[in-house]
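Visitor: Sequence and computational prediction follow.
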Amino acid sequence: MHEQFIDVSSGHGAIPCFYVVPDLQQKWAPIIFYMDAPGIREELHNMARRIAKQGYACIVPDLYHRYGTLRFDTPRRSDAMTSVILSAYRGLTDENINQDTAGIIGFLDGRAEVLADHIGTIGFCMSGRFVTTTAACFPDRISCAASLYGTRLVTEDDDSPHKNLEPIKAELYYGFGALDAYTPREYVETLLDSLEACGARFKVDVFENADHGYCFLERAAYNPLASETSWAKVFALFERNLQQNTHD
């Protein structure tokens, strides 16, 4: 395994990223891993390593780079910390993430060990929205996208992702917890109806007895069954869409 911390150039400036790849001697399909609202931490790096071990080049950008360096001690999360996290999260726009993604795609295109014709993405919580909006913004580059308990996919706003699915060519996977107050039944049903109406290729799972954050090992909400089922679906999604012509 090869891993490094690297700054990726973008229209806004340098994006600090964690980058991990099985080795530098073969070619690997890339995965862009969009962080959740609590931001960059070792837990996400470990998840990126898991993805790399399945045979991918995985990059985790710090989406809060516009604010400087934000790091949260999430095991000791307090109300004050939550307030800062929410402010940082709500300050991000789809345009910010599209700009960052353009820079990351440029980085991947320049790596000798990456075969970037087809790109996969994965996001959790806040970035469940962003894997959907970037799939719409870069339909000829992003071939598959996985969203786990994604928030703000269904809103009343005109730019709500569920209202703007038509450009997407990627195969999509969405996983939700039935106990998640951020994604209630009607929210999931509206998303499902919108995906069906636009003819998207997709799969939606709703896991009974699972809550928001069910994939995060360090959270009380961690649900091994829901987590491992979602990971299996995600890796199958990646394999279907990304594994052709790699490792040459």
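Guide: Yep, that arrived. Numbering: from 1, shown residues only.

Visitor: any idea whether the residue nearest the centre of the chain is helix, strand or coil?
Guide: Per Cα atoms, centre = their mean, the C-alpha nearest to the average position across the chain is that of G123, at 1.9 Å. Put simply, G123 is strand when judged by DSSP: H, G, I helix; E, B strand; the rest coil.

Visitor: Mind listing the residues bridging to it?
Guide: Note on G123: beta-bridge partners by DSSP bridges are Y34, S147.

Visitor: OK, contacts around it?
Guide: F33, Y34, D36, R129, F130, V131, A145, A146, S147, L148, G150 (Cβ atoms under 8 Å, 6 or more residues apart in numbering). (Glycine included, C-beta is placed from N, CA and C.)

Visitor: okay, the first one: pLDDT?
Guide: Spelled out, it's F33. Predicted confidence (pLDDT) at F33: the value is 98.

Visitor: does the nearest residue to it once chain neighbours are set aside belong to a helix or a strand, and which?
Guide: In space, and not counting its chain neighbours, F33 is closest to V60: 4.5 Å by Cβ to Cβ, 6 or more residues apart in numbering. Per DSSP states H and E: V60 is located in strand 56-61.

Visitor: Please work out the average pLDDT along that strand.
Guide: 98.

Visitor: Over to stretch 5-17?
Guide: Mean predicted lDDT for stretch 5-17 stands at 92.

Visitor: and what of stretch 196-210?
Guide: Stretch 196-210 shows a mean pLDDT of 96 in the predicted model.

Visitor: Check stretch 184-193 too.
Guide: On average, stretch 184-193 scores 97.

Visitor: List the contacts of it.
Guide: Counting contacts by Cβ under 8 Å, 6+ apart, the residues outside stretch 184-193 that touch it are L153, V154, H162, Y174, F176, A178, V204, V206.

Visitor: Show me what the fifth one is bridged to.
Guide: Read it as F176. Beta-bridge partners, per DSSP bridges, of F176: V206.

Visitor: List the contacts of it.
Guide: Y149, T183, V188, V204, D205, V206, F207, A210.
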